[in-house]
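Novice: Return atomic coordinates for the entry below.
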Amino acid sequence: MDGLNRAARRAQARKRRHATARRVVVNAAQVTLAAHQEVRQQAVIGLMLELHECFDALKCGSTDRSHFDRLAGSLNTALVLAERIGQDAVDVILAGHDAMHECAAIFERHGKFGFSGAGIGALVDALDVYEQIVRVSTPRQIMDGVHEGHRRVRQQMRGAACSS
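Specialist: Alright, predicted model coming up:
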C-alpha cells in the first residue's frame, strides 16, 4: 500500500474524477469551428482504407451484405457531394452506382457479390473521386452529404413501397 488510509485514497480518487471532468470542456464555438475545418488526413486515410476493404471483399465474392451496404452508402454521400462540384464528378459517381447495381444483380444470380471488369474500373474511379472530394471538404459538408444521402434513400424506399 502507499501509506494512505481508506478515506485519503477515496478523497484522492474523487479529486482525480472531478479534475478529469473539468479538463473536457467543449463549448459551442469549438464544436462549430471544428465542423468547418478541413478533414484530418488520418481520418480520410481510415475512411478510404475501410471502403477499399469493402470493395476488395465484394470483388472476391463476399456474401456479407454489410460490405455492400457500407460501400453503397458512401457512394450515396459521394453523389450528394459531387453535385456541388460539377457534372463530370457526378457522372463518375453515377458510373460507380451502376457498378453497384450490377454487383447486386450478380449477388441475386449467384449468391455472392462480384463485378464485371468495367464495373471494377468504374468503382475504382468513383472511389478516387470520392477521396478527392473528402480531402477538400469540411466535416460539416460531409455530414450534410451523409444526411442528404440517407434522406434520398428513405424517399426512394417510400416511393417503392407505394408503387408495390
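Novice: Find the least confident helix or strand in this structure, judged by mean pLDDT.
Specialist: helix 28-35 (a mean of 61; mean pLDDT, DSSP states H and E).
Novice: Please work out the average pLDDT along the strand or helix carrying residue 91.
Specialist: Element membership for residue 91, per DSSP states H and E: helix 87-110. In this model, helix 87-110 has a mean pLDDT of 96.
Novice: what residue is smack in the middle of this protein?
Specialist: residue 74 (5.4 Å; C-alpha atoms, centre = their mean).
Novice: wait, it sits on residue 51?
Specialist: Yes. At 5.6 Å, residue 74 counts as touching residue 51 under the criterion of C-beta atoms under 8 Å. Any C-beta I mention is one placed from the backbone N, CA and C, and that applies to glycine too.
Novice: Name the residues contacting each of those two.
Specialist: Residues touching both residue 74 and residue 51 (C-beta atoms under 8 Å, 6 or more residues apart in numbering): residue 130.
Novice: Please list the residues outside the helix holding residue 91 that contact it.
Specialist: Residues contacting helix 87-110 (C-beta under 8 Å, 6+ apart): 58, 63, 68, 71-72, 75, 78-79, 82-83, 112-116, 118-120, 122-123, 125-127, 129-130, 133.
Novice: What residues sit buried inside stretch 111-128?
Specialist: Across stretch 111-128, burial judged by 16 or more other C-beta atoms under 10 Å covers 113, 114, 115, 119, 120, 122, 123, 125, 126, 127.
Novice: With respect to residue 155, which of those residues is nearest?
Specialist: Taking C-beta to C-beta as the measure, residue 126 is the one of the buried residues of stretch 111-128 closest to residue 155, at 22.0 Å.
Novice: neighbouring contacts of whichever strand or helix holds the closest one?
Specialist: Residue 126 is part of helix 117-136, with elements assigned from DSSP H and E. Identification of contacts with helix 117-136 by C-beta under 8 Å, 6+ apart yields 38-39, 41, 44, 47-48, 51-52, 55, 59, 71, 74-75, 77-78, 81-82, 85, 89, 92-93, 95-100, 102-103, 115, 142.
Novice: Let me know how buried the closest residue to residue 41 other than its chain neighbours is, in neighbour terms.
Specialist: In space, and not counting its chain neighbours, residue 41 is closest to residue 135: 7.6 Å by C-beta to C-beta, 6 or more residues apart in numbering. Look at residue 135: counted by other C-beta atoms under 10 Å, it has 13 neighbours.
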